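Visitor: Show me how the following folds:
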Amino acid sequence: MDRRTFLASFAVLPLAAQARRAQAAPAAEAEGMIAPQPKWPIAPQFYPTPVDVKPDIAVGTIIVVSEKFYLYHITAPGKAMRYGVAVGKAELKFRGQAVVGRKVEWPSWKPTPEMIARSPNTYAKYADGMPGGPKNPLGARALYLYQDGRDTAIRIHGTTEPSSIGHAVSNGCLRMVNDHVIALYDAVALGTPVTVY
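Guide: This is a model prediction of the structure:
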């Protein structure tokens, strides 16, 4: 499947989700229910959403469509869970194929030499690293992406800045709300293939 056909297969998914929300809204209004407050400081389209996808995509695969800020975890033939992500800034976007080579709960973090060189005022103070925990920028979980057995320095990870979801702001990594990355972490095995468009 070429890239254009693949991306087109995801194009109708937001419309299906909107239709489901539109069908549910009148029932809630009729019952006099008060809409729940948002759980996450992100736009509703980036909430975890079950969606339909082409049935020939291998179950377990992770697909990221950077221009839409969506990560799809294929959960069954033709089915996926869609999450919102933050992606790399224009010149730092990761593209290509990798596998989940490592999984870490409450990971430690150390900026790369390139990050320190680009923004020494921001990152030099962390050159020796930061232990894992609630203030760590990798958040609650991290999936480390490898190519040919080597760490790419790209992670799918949680964040201390959930409002960044839906934006191109990172140094290349793919950020998720902590609750969402915990769910993904629990569902994903080592060796899971990841494709980032």
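Visitor: neighbouring strands for the lengthiest strand in the chain, and are they parallel or not?
Guide: Across the chain, the longest stretch assigned as strand under DSSP state E is strand 96-105. Strand 96-105 pairs in its sheet with strand 141-147 (antiparallel), strand 193-196 (antiparallel), by DSSP bridges.
Visitor: Tabulate those strands (a markdown table), appending mean pLDDT and mean neighbour count.
Guide: Backbone N, C-alpha and C define where each C-beta goes, glycine included. Shown next, in a markdown table, are these (pLDDT from 0 to 100; neighbours: other Cβ atoms under 10 Å):
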| stretch | mean pLDDT | mean neighbour count |
| --- | --- | --- |
| strand 141-147 | 98 | 22 |
| strand 193-196 | 98 | 20 |
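Visitor: Name the next helix or strand downstream of the one helix or strand in the chain whose mean pLDDT sits lowest, please.
Guide: Within the chain, no helix or strand scores below helix 13-30, which has a mean of 36 by mean pLDDT, DSSP states H and E. Note on helix 13-30: by DSSP states H and E, the next helix or strand toward the C-terminus is strand 49-52.
Visitor: What is that next one packed up against?
Guide: helix 13-30, strand 79-84 (3 or more Cβ pairs under 8 Å, 6 or more residues apart in numbering; DSSP states H and E).
Visitor: Outside of whatever helix or strand comes next after it itself, list whatever touches it.
Guide: Next along the chain after strand 49-52, taking DSSP H and E as the criterion, comes strand 62-65. Strand 62-65 is contacted by residues 7, 10, 57, 70-74, 80, 85, 87, 100, 156, 174, 184, 188, 192-197 when judged by Cβ atoms under 8 Å, 6 or more residues apart in numbering.
Visitor: Just the buried ones from these?
Guide: Buried subset of those (neighbour count, 16 or more other Cβ atoms under 10 Å): 10, 57, 70-74, 80, 85, 87, 100, 156, 174, 184, 188, 192, 194-196.
Visitor: Distance-wise, check the most centrally placed residue in the chain relative to P131.
Guide: Nearest to the mean C-alpha position of the chain, by Cα atoms, centre = their mean, lies V85 at 3.8 Å. Distance from V85 to P131, counting by Cβ to Cβ, to the nearest Å: 25 Å.
Visitor: Next, K89: phi, psi?
Guide: Backbone torsions of K89, given as degrees, to the nearest 10, read phi -60, psi 160.
Visitor: mind listing what the nearest residue to it once chain neighbours are set aside touches?
Guide: In space, and not counting its chain neighbours, K89 is closest to A168: 5.4 Å by Cβ to Cβ, 6 or more residues apart in numbering. Applying Cβ under 8 Å, 6+ apart, one finds that A168 lies in contact with S66, A86, V87, G88, K89, A90, K93.
Visitor: Tell me the one of those nearest P120?
Guide: K89 (17.1 Å; Cβ to Cβ).
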